[in-house]
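Undergrad: mind folding the following:
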Amino acid sequence: MIRDLITDKTYLDDIVCNSWEEVVDIGAGLLVSQGSVEPAFIQSIKDTVKEFGPYMVVVDDLAFFHGRPEAGARELSIVMQVARGR
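TA: Sure thing, here's the model as predicted:
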């Protein structure tokens, strides 16, 4: 199933960002442009991190950002990003 979700259109390599918020904006922004989520979903991800802390970080340099489905998810989707800080 994950192979069906991560494609050339949903894999972003060598993303330059300055914060975790930028990582969310870039990845979730791609899902917005593809119609997979509504713009409000981006804020849902950020709100979830602010409310519950960084539990989405699995190990150093690997996080699974997500928001509430009712916050605007239209379909099952995922973006894989390889990001680097400045």
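Undergrad: rest of the way, CA atoms for contacts and neighbours
TA: OK.
Undergrad: burial count for residue 9?
TA: Here the count is done by other C-alpha atoms under 10 Å, and residue 9 has 12 residues near it.
Undergrad: quick one, helices of this structure?
TA: Ranges of helices within the chain are 2-5, 20-33, 40-52, based on DSSP state H.
Undergrad: include mean neighbour count and distance to residue 11 when you put these into CSV, please.
TA: Supplementary listing: the helices of the chain in CSV, determined by neighbours: other C-alpha atoms under 10 Å; distance: least, C-alpha to C-alpha, whole Å:
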stretch, mean neighbour count, distance to residue 11
helix 2-5, 9, 10
helix 20-33, 19, 9
helix 40-52, 16, 18
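Undergrad: can I get these in a markdown table including mean pLDDT and distance to residue 62?
TA: Shown next, in a markdown table, are the helices of the chain (pLDDT from 0 to 100; distance: least, C-alpha to C-alpha, whole Å):
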| stretch | mean pLDDT | distance to residue 62 |
| --- | --- | --- |
| helix 2-5 | 83 | 16 |
| helix 20-33 | 90 | 11 |
| helix 40-52 | 91 | 15 |
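Undergrad: which one of those helices lies closest to residue 61?
TA: Go through the helices of the chain one by one with C-alpha to C-alpha and the one that ends up closest to residue 61 is helix 20-33, at 10.9 Å.
Undergrad: before we move on, the earlier item: same list (the helices of the chain) but as TSV, adding distance to residue 76.
TA: What follows is these, written out as TSV (distance: least, C-alpha to C-alpha, whole Å):
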stretch	distance to residue 76
helix 2-5	8
helix 20-33	10
helix 40-52	13
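Undergrad: let me know which of the ones you listed is the nearest to residue 69.
TA: Closest approach to residue 69 among those is made by helix 40-52 (8.1 Å; C-alpha to C-alpha).
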